[in-house]
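When you get a sec, could you give me coordinates for this:
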Amino acid sequence: MLSPSCKGFSNPQVDALLEAARASSDEEQRLIYYFEIQELIFEESPSVVLNQNRAYVVLQSNIRGAEINSTQAHFFGNAYFVEQFNLKFDFHRIDRNNA
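Numbers count the residues shown, from 1 in each chain. Got it, this is the predicted structure:
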């Protein structure tokens with residue numbers, strides 16, 4: 001099974017631990033699995049983040065419910081428009097270095 005990674009990282013031992021963690025209802029056991037996963041990934045060092053830039057999201061002032069976060073996995077599924085509209089924009093500065 002290919003690990004769900006945008007970088008294509010794959011490790012059968014990590015995959016097995018992920019499946020075990022997902023199947024476990026014991027919170028302490030899941031923490032143990034996730035710690036082991038973290039150690040394996042760290043040992044392989046599939047990527048090293050050298051720089052994280054700031055990101056900006058611009059929304060019209062009449063949009064509500066958008067979830068903006070530092071991982072750029074923004075969620076607009078709950079977004080909606082309000083009646084009032086003006087040409088003011090809301091700027092969301094995301095500093096991933098301090099997130």
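
what sits against residue 74?
57, 66, 67, 68 (C-beta atoms under 8 Å, 6 or more residues apart in numbering). No exception for glycine: its C-beta is placed from N, CA and C like everyone else's.

nearest to residue 33, of those residues?
Using C-beta to C-beta, residue 67 is the member of the contacts of residue 74 that lies nearest residue 33, at 28.1 Å.

What about the spatially closest residue to that closest one that is not a sequence neighbour, how many residues nearby?
Distance criterion C-beta to C-beta, 6 or more residues apart in numbering; nearest residue to residue 67, sequence neighbours excluded, is residue 75 at 4.1 Å. A total of 11 residues lie near residue 75 under the criterion other C-beta atoms under 10 Å.

Look up how far residue 65 lies from residue 75.
When distance is defined by C-beta to C-beta, to the nearest Å, residue 75 is 9 Å away from residue 65.

In this structure, what helix or strand scores lowest on average pLDDT?
Comparing helices and strands within the chain by mean pLDDT, DSSP states H and E singles out strand 89-94 as the least confident, with a mean of 62.

List the buried residues for the longest helix along the chain?
Selection of the longest helix in the chain by residue count, based on DSSP state H, yields helix 27-44. Along helix 27-44, the positions that meet the burial threshold by neighbour count (16 or more other C-beta atoms under 10 Å) are 33, 37, 41.
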